[in-house]
Every structure is written in C-alpha cells, then in structure tokens.
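Engineer: coordinates only, sequence not included:
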C-alpha cells in the first residue's frame, strides 16, 4: 500500500511539473512578444526625441510605463521621461517633473542599471531647484523693496497734495507710473493724477487731463480696485464737459445777437 501511494504521488508530481513546463513554454513567447512591442515604443520615443517632438516622445514612454509600472522596461521609460523633461531644447522642460521621474526610478527600480545615473540626476536637479528657489526669494525681496519705495512716493505725493503742492504731487505720481506703467501701483498713480487735475483747490485743474488719466486707468487696468471709481468720474466729467460746451455755444449765440 505504501509503495502504491508513493508511486501515485510521484505520478502527480510529474504531472504538475509537466503542466508548469507547458504553461511556462506557452507564456514565454507572449512575454518576449510584449517586450519586443515595448522596445518598439522606446525606439520610436527616442526617434521622436531626436526630431524634437517632445510631446510624442513623452507619449511613447508613458505608454510603456503604463504597461510595465513595476518591471522592465518600465525603468527605461521612467529614465527617458526624466531626460525629456530636462532636455535643453524642450520648450516645456520642467525640473520638477524630471525630479519626479528620476526619484521614482531610484525608489521603484533600485536594481535597474539606470538607477545610479538617476541618482546623479536627482542630486544635480535638487541643487538646481534649491538655487532656483533662492533666486526666486531674492527676486521677491527686490520686488517688495521696489513696491515699498513706490509706496513711499505715493505717500509723499499724498502729503504734497494735502499741503497744496499740486505740481509736486503730480511729479511723485508720475515717477511711480513711469516705473510701473502696466502693473500696480501704476493704477493708483493714474487715479491720483486724475484726482489732482480735478481737485477743487488746484489753480491749474484740467477736466480734459483728468479724463485722460481716468480713461487710461479704465483701459489699462480693468481689474484694478480703482477702476470702478474711475468710471464714475469719467461719467461725471464727460457730463461737465458737455455742459461746458453748451455754455460756450450759448455765449457765442449771445455775442452774435448783440452784434
């Protein structure tokens, strides 16, 4: 009985082994075929990269990565995606995205032959990113300092206006506008100049000039918080200008009648 069971067990083992060999033999061509197809995608991606078609190269490599997210040639696709995003000729190059793909390769494919090179790229790009952030911080401080200087001009202009120095107030605001012709605080300077020209105490007040500055503000700074108020002033001043023209015409008629 024991020998019979032993022989039966051996027979089952031989059957299982045969089944495994059969399955492996059947699957092997499929894997080879799949790998061949993905290598075609990788070669096509390389060809598109050489031609400068960065979007196309990205698509080809992304397709490979989607199919092989944890096994080769997914590692090659990750490396290629990083290189495309850091390519000097790519108009949409993105250090952040390159870092993302190289870091994924480093983490998800530690045994890949591409991993050491990816580590070098990660180190270089992190250094560049830190330098970029430092530069952005310096530029931000410069802008803040510049804005503070211009705000000082605006405050000085307001003080001169309060003192009745309309010419001085205009100069201060004109200086701000010259430095910021298309962004804040240029909009504030335009509004202030309009107000100076319409100020009741200004001996040289000029409705035409006030209209000019308020209209510029309306046109050049449509999103400014001062724009709505400028529109109101434009409506008032245009009405005043029309009334003035009517008065001039009436006076001319009167003079003609006296003749």
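Structural biologist: Received it, and whenever you're ready, just let me know what you need. Just so it is clear, the structure is predicted and the values come from calculations on it, not from any experiment.
Engineer: is residue 113 in a helix, a strand, or coil?
Structural biologist: Secondary structure, DSSP: H, G, I helix; E, B strand; the rest coil: residue 113 is coil.
Engineer: hmm, I was thinking of residue 70
Structural biologist: State at residue 70, reduced to three classes by three-state DSSP: coil.
Engineer: if I look at it, how far off is residue 104?
Structural biologist: Distance, residue 70 to residue 104, by C-beta to C-beta, to the nearest Å: 11 Å. C-beta here means a position set from N, CA and C on the backbone, and glycine is covered the same way.
Engineer: the two: which is more packed in?
Structural biologist: Between residue 70 and residue 104, counting by other C-beta atoms under 10 Å, residue 104 is the more crowded of the two (19 against 8).
Engineer: how many residues are close by the nearest residue to that one once chain neighbours are set aside?
Structural biologist: Excluding its sequence neighbours, the residue lying closest to residue 104 (C-beta to C-beta, 6 or more residues apart in numbering) is residue 78, at 5.5 Å. By the criterion of other C-beta under 10 Å, residue 78 has 30 neighbours.
Engineer: didn't residue 78 look like it was pressed against residue 99?
Structural biologist: No: assessed by C-beta atoms under 8 Å, residue 78 is found out of contact with residue 99, at 12.0 Å.
Engineer: how close does the residue nearest to residue 104 get to residue 238?
Structural biologist: Counting by C-beta to C-beta - residue 78 and residue 238 are separated by 64 Å.
Engineer: next SSE after the helix or strand containing residue 121?
Structural biologist: Assigned by DSSP states H and E, residue 121 belongs to helix 115-162. Using DSSP H and E, the next helix or strand after helix 115-162 towards the C-terminus is helix 166-179.
Engineer: which stretches of this structure aren't confidently modelled?
Structural biologist: Counting by pLDDT under 70, the chain shows low-confidence ranges at 1-36, 146-147, 259.
Engineer: the helices in this structure, which residues?
Structural biologist: In the chain, the segments counted as helices under DSSP state H are 2-50, 54-67, 74-86, 95-108, 115-162, 166-179, 186-198, 207-220, 227-258.
Engineer: could you list every helix and strand in contact with the second one?
Structural biologist: Read that as helix 54-67. Under the contact definition 3 or more C-beta pairs under 8 Å, 6 or more residues apart in numbering; DSSP states H and E, helix 54-67 sits against helix 2-50, helix 74-86.
Engineer: tell me how far the last one lies from the chain's centre.
Structural biologist: Going by C-alpha atoms, centre = their mean, to the nearest Å, the spacing between the C-alpha centre of helix 74-86 and its chain's C-alpha centre is 23 Å.
Engineer: by contact count, what packs against it?
Structural biologist: Counting by 3+ C-beta pairs under 8 Å, 6+ apart, helix 74-86 packs on helix 2-50, helix 54-67, helix 95-108, helix 115-162.
Engineer: now the ones you listed in JSON lines, with distance to residue 258?
Structural biologist: Below are the helices and strands packed on helix 74-86 laid out as JSON lines (distance: least, C-beta to C-beta, whole Å):
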{"stretch": "helix 2-50", "distance to residue 258": "87"}
{"stretch": "helix 54-67", "distance to residue 258": "81"}
{"stretch": "helix 95-108", "distance to residue 258": "81"}
{"stretch": "helix 115-162", "distance to residue 258": "43"}
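Engineer: how about those helices, which one is nearest residue 208?
Structural biologist: Ranking these by proximity to residue 208 (C-beta to C-beta) places helix 115-162 first, at 19.8 Å.
Engineer: can you give me the domain assignment for the chain?
Structural biologist: Listed domain ranges for the chain are 39-133, 164-253 (source: automatic domain parsing).
Engineer: gap between residue 223 and residue 214?
Structural biologist: Applying C-beta to C-beta, the value for residue 223 to residue 214 is 16 Å.
Engineer: the more surrounded of the two?
Structural biologist: Applying other C-beta under 10 Å to residue 223 and residue 214 shows that residue 214 carries more neighbours, namely 29 against 7.
Engineer: what about that one, distance to residue 236?
Structural biologist: Distance from residue 214 to residue 236, counting by C-beta to C-beta: 10 Å.
Engineer: okay then, goodbye and thanks.
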